[in-house]
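Q: coords below, sequence missing:
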């Protein structure tokens, strides 16, 4: 795994966790030091397990990748990944950031802060498996511009920028991230996926892989995640219901046990809610009786 300024003999464990019962529904291992190429792969694994029209995949900004987001859009998977904010260095220098240049679809050109066109050229840039169309301003416009110091470098005579061929998809995606519903879900993400990692490290005592080679590590990783899920299941339904579940699986009939498990979990949650209310009232009464 490549990290800033050094390399590590390490692996990056990926998991997807459901928000209702906190089960790990998908997992994988990569030797990459970043998560940028993992969104679509993990989303597809999750979709195979949770085949629901309401499925939403949440991830942190480390997974933000235009190409990966488009793959998910093409496969009908809704994802919410916060965009990586860039341009702070330009702001510190008093320069215009890219959001100050507005795209005009009809003209297929950008409008700069001085209301001049930055037109598309015939040049393209192929980077990170993406095709980027190049745009360049008129040298005459730039040299006569009263605010060129906020836009160009000392030796630069024209403004250049680029646009992804599927930028409209990304623009729509980024707009959706700004809705109150999306922001609420994104805020909820860390409480869903970080909890299993904490349990695995603290309760199960696992903090590093014991084997080498990606194939063996994938096997060890799968066993660790299975152990977590098994422990989580026992915590949810208890030993007695688990035994009934095993018998139902052996008999090939899960109809009745599903109803029992659903009723048990519903009653358990109600019990916890009432218990918390009781604790709160006790603490509240003690506070005012002192």
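A: Cool, got the structure. The structure displayed is predicted, hence computed values, not measured ones. Residues are numbered from 1 along each chain as shown.

Q: Where does the prediction get shaky in this structure?
A: 1-8, 268-290 (pLDDT under 70).

Q: what's the neighbour count on residue 97?
A: By the measure other CB atoms under 10 Å, the count of residues near residue 97 is 13. Where you see a C-beta, it was placed from the backbone N, CA and C, and this is true even at glycine.

Q: which residues touch it?
A: Residues near residue 97 by CB atoms under 8 Å, 6 or more residues apart in numbering: 86-87, 90-91.

Q: What about those, which are in helices?
A: Judged by DSSP state H, those include 90-91 as members of helices.

Q: mind listing the strands in this protein by residue range?
A: 2-3, 6-7, 12-17, 24-30, 56-58, 78-80, 102-104, 109-111, 117-127, 130-137, 160-164 (DSSP state E).

Q: Those: which one's closest to residue 215?
A: strand 24-30 (9.4 Å; CB to CB).

Q: Just give me how far that closest one sits from the chain centre.
A: The chain centroid and the centroid of strand 24-30 are separated by 14 Å, computed with CA atoms, centre = their mean, to the nearest Å.

Q: What helices and strands are in contact with that strand?
A: Using 3 or more CB pairs under 8 Å, 6 or more residues apart in numbering; DSSP states H and E as the contact test, the elements touching strand 24-30 are strand 12-17, helix 39-49, helix 214-251.

Q: quick one: it to helix 214-251, angle?
A: For strand 24-30 against helix 214-251, the angle by axes from the mean of the first three to the mean of the last three CA atoms, to 10 degrees is 160 degrees.

Q: Please identify the pairing partners of strand 24-30 and their relative orientation?
A: Taking DSSP bridges as the criterion, strand 24-30 sits next to strand 12-17 (antiparallel) in its sheet.

Q: Nearest to residue 113 among the helices and strands packed on strand 24-30 would be which one?
A: Of the helices and strands packed on strand 24-30, nearest to residue 113 by CB to CB is helix 39-49, at 33.6 Å.
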